[in-house]
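# fold the following for me, if possible:
(chains A and B, ligands or ions: 2)
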Amino acid sequence: MNLKLRVWRQADARAAGKMVEYDAPDVSPDMSFLEMLDVVNERLTEDGQDPIAFDHDCREGICGSCSLMINGTAHGPMKGTATCQLHMRSFKDGDLINVEPWRAKAFPVIRDLVVDRSAFDRIIGAGGYITAATGGAQDANSLLIPKVDADASMDAAACIGCGACVAACPNASASLFTAAKVSHLGHLPQGQPERYRRVLSMVSQMELEDFGGCTLYGECQEACPKEISIDNISTMNRDYIMAGVGS
Amino acid sequence: MNRATRFYQAAIGKKAVMGITGLIGIGFVIGHMAGNLLVFRGPDAMNAYAHFLKSTGELLWIVRLVLITAVVLHVIAAWQLTLQNRAARPVGYVDRKPQVTTFASKTMRWGGVILLLFIVLHILHFTTGTLRPSGFFDEADVYGNVIASFRIWWVTLFYVIAMIALGLHLYHGAWSSVRSLGYAQPSKDPLHRRIALGIAVVVWLGFTAIPVAVFAGLIA
Ligand code: HEM
Ligand code: FES
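Numbers count the residues shown, from 1 in each chain, chains lettered A, B, ... in the order given. Ligands and ions are numbered 1, 2, ... in the order given. The predicted structure follows:
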């Protein structure tokens, strides 16, 4: 199929950017969105132009490197799918596809479609871990965890940190990301000793990074390639309020 | 840094304040609506109810103080969050298609502005009698004030519009406040708002019925 792309091009962090139109002829419906961009880039390179810069790594939906606002939705039209797992069969011949970087003050554009997501690393650095060295993995079932808690924790732990929640949020809020990390540890016994300290420091780091607040529009949950629930935001809010009211 | 300041500095702290003050507002609005529906039982019932409220003296002032404080805190937090949220995305998208944003959630800010305007004008209208669109105001005849005012089309229209804003505000707020305060039950469909819809529709219909009924001549 033949497509038209309108892609955000920006030489570096300080340059002004703009949408530039490209033809993408002979696209196979079996290509992933990133493979389609690879083909476009190959042609650009042959023509002596700068290829379009975009982030990617695993290309199997687990690393969280890929991003892209595709036709106005984060990671494109497929629900529960990262851009690298989105296939061109989701589009029709002749489609015009807008491709933009994540937009947030906390995620400045580095070049074209690549943004700096290290704000997420700093939120994790503020407390998204367990301080005690725990050694090797224990025998299964030596530490009993109720099934509901194990499931809730696993669902939150599915977060790959791609930033789609921030990109999709009208407030550019990182609440779903931070909530997933808070609640993933908060549901497990290993996370209890630092539970309240953790939520306080991760939330204050999130504030320092200039993200917006949560209005509960619900866009983050809809955009998340791992379909992480906004229930986690409620969990984070409760822990934050408990930490503020308690000690 | 003092603990309360630190708590409030985060958006979650501000939303907790909005949630609590919003829930105080919802409680008030439901009670206020139920009381107002006494106009349908005639002048004696309505005026006796109004007289009873005023006879509570200091208690009435305590309630008023709590409500005014709640509105002030709610509006300050709304203002601060709006600025923070706007600043968080200085460069917007060329193309952004919201997937699940409701009309109600999108209009919390402007709807809130309408509500603030309404609250001020409404107090000046029926509580203090500073604004007298019909020329008539008798502190002891609340029923008469209501009837005289809502015979005027633009007074009725203003109240009808304000109550649409209130209904929408509650449709989002009655749901989001519980989540802002961290009391949401885990759900397979966290976006459902059945209870909030019920609250919003009851409050909207209950309040709207009064000016509309007076204007239509159903009560005189
Ligand atoms: C006086 C003018 C008002 C303004 C300017 C205002 C503004 C707002 C705004 C902007 C929000 C969304 C905050 C966010 O999610 O970021 C909000 C939430 C809310 N408002 Fe209001 N509002 C007003 C009056 C009221 C009244 C009268 C009520 C109750 C009857 C109310 C109940 C709520 C509730 C329950 C929420 C949800 C709070 C939360 O999600 O935590 N508001 N308001
Ligand atoms: S490239 Fe790893 S998740 Fe898409």
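
# what does chain B put close to ligand 1?
B:15, B:18-19, B:22-23, B:25-26, B:29, B:71, B:74-75, B:78, B:81, B:108-109, B:112-113, B:115-116, B:119, B:169, B:173-174, B:176-177, B:180 (CB under 6 Å from any ligand atom). Backbone N, C-alpha and C define where each C-beta goes, glycine included.

# take the residues you listed and keep only those in strands.
Using DSSP state E to define strands, no part of the residues of chain B next to ligand 1 is located there.

# buried subset of the residues you listed?
Buried residues within the residues of chain B next to ligand 1, defined by neighbour count using 16 or more other CB atoms under 10 Å in any protein chain shown: B:15, B:18-19, B:22-23, B:25-26, B:29, B:71, B:74-75, B:78, B:81, B:108, B:112, B:115, B:119, B:169, B:173-174, B:176-177, B:180.

# which of those fall in helices?
Among these, the ones falling in helices (DSSP state H) are B:15, B:18-19, B:22-23, B:25-26, B:29, B:71, B:74-75, B:78, B:81, B:108, B:112, B:115, B:119, B:169, B:173-174, B:176-177, B:180.

# what number of residues lie near A:Asp210?
The tally of other residues near A:Asp210 (other CB atoms under 10 Å in any protein chain shown) stands at 18.

# let me fix that, I meant to ask about B:Ile152.
When neighbours are defined as other CB under 10 Å, B:Ile152 has 15 of them.

# contacting residues for residue 6?
All of this is about chain A. A:Met19, A:Val20, A:Glu21, A:Tyr22, A:Leu96, A:Ile97, A:Asn98, A:Val99, B:Val94 (CB atoms under 8 Å, 6 or more residues apart in numbering or on different chains).

# if you could check chain B rather than the one you did, that'd help
Counting by CB under 8 Å, 6+ apart, B:Arg6 has contacts A:Ser204, A:Gly244.

# and if you look at A:Gly94?
A:Met1, A:Asn2, A:Leu3, A:Lys4.

# most neighbours, which of these?
Highest neighbour count within those, by other CB under 10 Å: A:Leu3, with 20 neighbours.

# what ranges do the strands span in chain A?
Under DSSP E, chain A gives strands at A:3-9, A:18-24, A:69-70, A:73-74, A:96-100, A:109-111, A:114-115.

# which other helices and strands contact the third one?
Other helices and strands packing on strand A:69-70, by 3 or more CB pairs under 8 Å, 6 or more residues apart in numbering or on different chains; DSSP states H and E, are strand A:96-100.

# returning to that earlier point: now the strands of chain A as TSV including mean pLDDT?
TSV is the format used below for the strands of chain A (pLDDT from 0 to 100):
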stretch	mean pLDDT
strand A:3-9	98
strand A:18-24	97
strand A:69-70	98
strand A:73-74	98
strand A:96-100	98
strand A:109-111	98
strand A:114-115	98
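
# how about the ones you listed, which one is nearest B:Tyr49?
Ranking these by distance to B:Tyr49, with CB to CB as the measure, places strand A:73-74 first at 52.4 Å.

# show residues contacting the closest one.
Contacts of strand A:73-74 (CB under 8 Å, 6+ apart): A:Ser67, A:Leu68, A:Trp102, A:Ala164, A:Cys165, A:Ala167, A:Ala168, A:Ala223, B:Lys97, B:Gln99.

# so what's the most centrally placed residue in chain B up against?
The residue lying closest to the centre of chain B (CA atoms, centre = their mean) is B:Leu166, at 5.1 Å. Listed by CB under 8 Å, 6+ apart, the contact partners of B:Leu166 are B:Val29, B:Leu115, B:Phe118, B:Val203, B:Trp204, B:Phe207.

# what's the answer for A:Arg89, then?
Neighbour list for A:Arg89: A:Pro29, A:Asp30 [criterion: CB under 8 Å, 6+ apart].

# what's the closest non-adjacent residue to A:Arg198?
Distances taken as CB to CB, 6 or more residues apart in numbering or on different chains put A:Gly127 closest to A:Arg198, at 4.0 Å, once the chain neighbours are dropped.

# could you verify my assumption that the one you found touches A:Val203?
No: assessed by CB atoms under 8 Å, A:Gly127 is found out of contact with A:Val203, at 9.2 Å.

# one step back: which of the buried ones among the residues of chain B next to ligand 1 come close to chain A?
For chain A, the contacts drawn from these by CB under 8 Å from any CB of the partner chain are B:Lys15, B:Leu81, B:Met108, B:Ser176, B:Ser180.

# and stretch A:167-179, is it in reach of chain B?
Yes: Stretch A:167-179 lies within reach of chain B by CB under 8 Å from any CB, at A:Ala168, A:Pro170, A:Asn171, A:Ala172, A:Ser173, A:Ser175.

# can you put the ones next to chain A among the buried ones among the residues of chain B next to ligand 1 in a markdown table and add distance to B:Phe126 and pLDDT?
Shown next, in a markdown table, are those (distance: CB to CB, whole Å; pLDDT from 0 to 100):
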| residue | distance to B:Phe126 | pLDDT |
| --- | --- | --- |
| B:Lys15 | 31 | 98 |
| B:Leu81 | 31 | 98 |
| B:Met108 | 26 | 98 |
| B:Ser176 | 29 | 98 |
| B:Ser180 | 31 | 98 |
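
# pretty sure B:Pro133 is in a helix, no?
No: assessed by DSSP: H, G, I helix; E, B strand; the rest coil, B:Pro133 does not belong to a helix; its assignment is coil.

# count the neighbours of A:Thr235 for me.
So A:Thr235, with other CB under 10 Å, has 24 neighbours.

# ok, now A:Gly218?
Number of residues near A:Gly218 (other CB under 10 Å) recorded here: 21.

# now do the contacts for the residue nearest to B:Thr208 when sequence neighbours are not counted.
Using CB to CB, 6+ apart and skipping residues adjacent in sequence, the residue nearest B:Thr208 is B:Met163, 4.8 Å away. Listed by CB under 8 Å, 6+ apart, the contact partners of B:Met163 are B:Trp204, B:Phe207, B:Thr208.
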